[in-house]
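Trainee: Predicted model and sequence below, questions to follow.
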Amino acid sequence: GESVGLHLPTLSVQEGDNSIINCAYSNSASDYFIWYKQESGKGPQFIIDIRSNMDKRQGQRVTVLLNKTVKHLSLQIAATQPGDSAVYFCAEIPVDSSYKLIFGSGTRLLVRP
Amino acid sequence: DSGVTQTPKHLITATGQRVTLRCSPRSGDLSVYWYQQSLDQGLQFLIQYYNGEERAKGNILERFSAQQFPDLHSELNLSSLELGDSALYFCASTLRAGELFFGEGSRLTVL
């Protein structure tokens, strides 16, 4: 498939290690945050979400942490696999516009075999 | 397969021309979103429709317009195309805000 070719920060991890992808969001009034994964040549895919009244949420091999004090969101991937190689985006829904989903700039995750 | 269908997958055209990108949402989804993804801008929100009505607008150029039809499919019209309009255009649909299902995109190249 085609690569989007974005000029993104890159995180390189060894297969089997844990990955932590960080995101700083801009709108302190946002109350809903989501992580998306975009593989080469495909559209973004929903991974996990978290509401602003929570600070942690776990899924299958993934955990999202929210620190509202410093407006920081992180995605932790346990036992990273080659199939996790992709671009990861955080996204937020501003409380004043629940119909908008605003994406951050993204991080490329490369998994070394 | 997300269930969202976008056509065409690839489109090459010249500056000044007009194109229409089409999106068929997942069965049952009432909301359709359009995003533009270019090299230096990431995913930029363009516009969102719910059951035929425009609900939110992002930084969509006046040369661009969209609509959602009674059968819920949507079209994004791009006119007076410029080189800088070359990008991937994604459509997404959803039943609930946040969990969007994206199509595979339409890659537009303006020469």
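Mentor: That came in fine, so what should we check first? Numbers count the residues shown, from 1 in each chain, chains lettered A, B, ... in the order given.
Trainee: got the residue ranges for the strands in chain A?
Mentor: Counting by DSSP state E, chain A has these strands, from start to end: A:10-14, A:19-24, A:30-38, A:45-51, A:56-58, A:62-67, A:72-77, A:86-94, A:102-103, A:107-112.
Trainee: what separates the shortest one from the chain centre, distance-wise?
Mentor: In terms of C-alpha atoms, centre = their mean, to the nearest Å, the gap separating the centre of strand A:102-103 from the centre of its chain is 11 Å.
Trainee: quick one: strands adjacent to that strand?
Mentor: strand A:86-94 (antiparallel) (DSSP bridges).
Trainee: do you know which of the strands of chain A lies nearest B:Leu43?
Mentor: In this view, those are compared for proximity to B:Leu43 by C-beta to C-beta, and strand A:102-103 is the closest at 4.0 Å. Placement of C-beta: from N, CA and C, glycine included.
Trainee: which other residues reach the closest one?
Mentor: Residues from elsewhere that reach strand A:102-103 (C-beta atoms under 8 Å, 6 or more residues apart in numbering or on different chains): A:27, A:36, A:44, A:89-94, B:35, B:42-45.
Trainee: Just the buried ones from those residues?
Mentor: Those of the contacts of strand A:102-103 that meet the buried threshold are A:36, A:44, A:89-94, B:35, B:42-45, by 16 or more other C-beta atoms under 10 Å in any protein chain shown.
Trainee: Identify, from those residues, the entry nearest to B:Asp85.
Mentor: Among the buried ones among the contacts of strand A:102-103, B:Gln44 lies closest to B:Asp85 (C-beta to C-beta), at 11.9 Å.
Trainee: Would you check that B:Asp85 makes contact with B:Leu108?
Mentor: Yes - assessed by C-beta atoms under 8 Å, B:Asp85 is found in contact with B:Leu108 at 6.5 Å.
Trainee: Could you name every residue contacting both of the two?
Mentor: B:Leu78.
Trainee: touching chain A at all, the strand or helix carrying B:Leu43?
Mentor: If you go by DSSP states H and E, B:Leu43 is part of strand B:42-50. Yes - Strand B:42-50 lies within reach of chain A by C-beta under 8 Å from any C-beta of the partner chain, at B:Gly42, B:Leu43, B:Gln44, B:Phe45, B:Gln48, B:Tyr50.
Trainee: And the contacts of that strand?
Mentor: Taking C-beta under 8 Å, 6+ apart as the rule, strand B:42-50 contacts A:6, A:44, A:89, A:99-106, B:30-38, B:54-60, B:64, B:66-68, B:74, B:76, B:90.
Trainee: Quick one: work out the angle between that strand and strand A:86-94.
Mentor: 50 degrees (axes from the mean of the first three to the mean of the last three C-alpha atoms, to 10 degrees).
Trainee: what is the rounded mean pLDDT of strand B:42-50?
Mentor: Strand B:42-50 comes out with an average pLDDT of 93.
Trainee: before we move on, back to that, from the residues of strand B:42-50 next to chain A, which is closest to chain A?
Mentor: Nearest to chain A among the residues of strand B:42-50 next to chain A: B:Leu43, at 4.0 Å, using C-beta to the nearest C-beta.
Trainee: which non-adjacent residue is nearest that closest one?
Mentor: A:Phe103 (4.0 Å; C-beta to C-beta, 6 or more residues apart in numbering or on different chains).
Trainee: Quickly list what residue 13 is bridged to.
Mentor: No chain specified, so I'll use chain A. A:Val111.
Trainee: hmm, I had chain B in mind actually
Mentor: Here B:Thr13, judged by DSSP bridges, has bridge partners B:Val110.
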